[in-house]
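*Asks:* Okay, predicted coordinates and the sequence, questions at the end:
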Amino acid sequence: MAGIVFLRTGDLARILEFYTGRVGMSVWLEQPDITILRHENLLIGFQQHGSPDVAGVITFFYPDKGNVDAMYEALRDASLEPPRTNERYRIYNFFAHDPEGRTIEFQHFLHELPDWK
C-alpha cells in the first residue's frame, strides 16, 4: 500500500523551488494546480490554494548523520538550530521552516530500523 499527503500552498512555484532545489525532492506527478513531490518513499502533493496548510511536521530521514549535517548546511538560513542528538528518541536531527512557515525536520535514527522500503 502507498499513500500521499496533500498540503495546500499559497505559492506553488516558490514551494516547488524550495523542496526540489534546496531539499532535493523530485517531481513525481503533475496535475492541474497540484504537483506531487517524492523523496524516496515519501510522497507530498502541494495544491495551489489561497491559504497554506502549515500544521504538523514534515520529516525527512537519512541513513547517516552526515546527510543530516549536509542538509543543515544547505538550509542553515531556514534552520531553527544546529543538528543535535535527542537521547529520548534516539535520533540526530534539526528543524527548519519552509517559505510558508511549515516545520520540517531532518533526522537520522541512531538505532536499527525495521525494513521500510
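*Replies:* Yep, it's here. Residues are numbered from 1 along each chain as shown.
*Asks:* which regions of the chain sit below the pLDDT cut-off?
*Replies:* The model of the chain has pLDDT under 70 over residues 1, 116-117.
*Asks:* can you point me to the longest helix in this structure?
*Replies:* helix 65-74 (DSSP state H).
*Asks:* List the buried residues in that one.
*Replies:* 65, 67, 68, 69, 71, 72, 74 (16 or more other Cβ atoms under 10 Å). In this view, the C-beta of every residue, glycine as well, is placed from N, C-alpha and C.
*Asks:* try stretch 39-48
*Replies:* Result for stretch 39-48 [16+ other Cβ under 10 Å]: buried residues 39, 43, 44, 45, 46, 47, 48.
*Asks:* for stretch 92-109, same thing?
*Replies:* Buried residues in stretch 92-109 (16+ other Cβ under 10 Å): 92-96, 98-100, 102, 104-108.
*Asks:* Please export the C-alpha coordinates of the longest helix of the chain as PDB.
*Replies:* Extracted C-alpha coordinates of helix 65-74, given in PDB (Å, rounded to 0.1, in the frame of the first residue of the first chain):
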ATOM      1  CA  LYS A  65      24.400  11.700  10.400                       C
ATOM      2  CA  GLY A  66      26.400  13.100   7.500                       C
ATOM      3  CA  ASN A  67      23.300  13.500   5.400                       C
ATOM      4  CA  VAL A  68      21.600  15.500   8.200                       C
ATOM      5  CA  ASP A  69      24.700  17.700   8.600                       C
ATOM      6  CA  ALA A  70      24.700  18.300   4.800                       C
ATOM      7  CA  MET A  71      21.000  19.300   4.900                       C
ATOM      8  CA  TYR A  72      21.700  21.700   7.800                       C
ATOM      9  CA  GLU A  73      24.500  23.400   5.700                       C
ATOM     10  CA  ALA A  74      22.100  23.700   2.700                       C
END
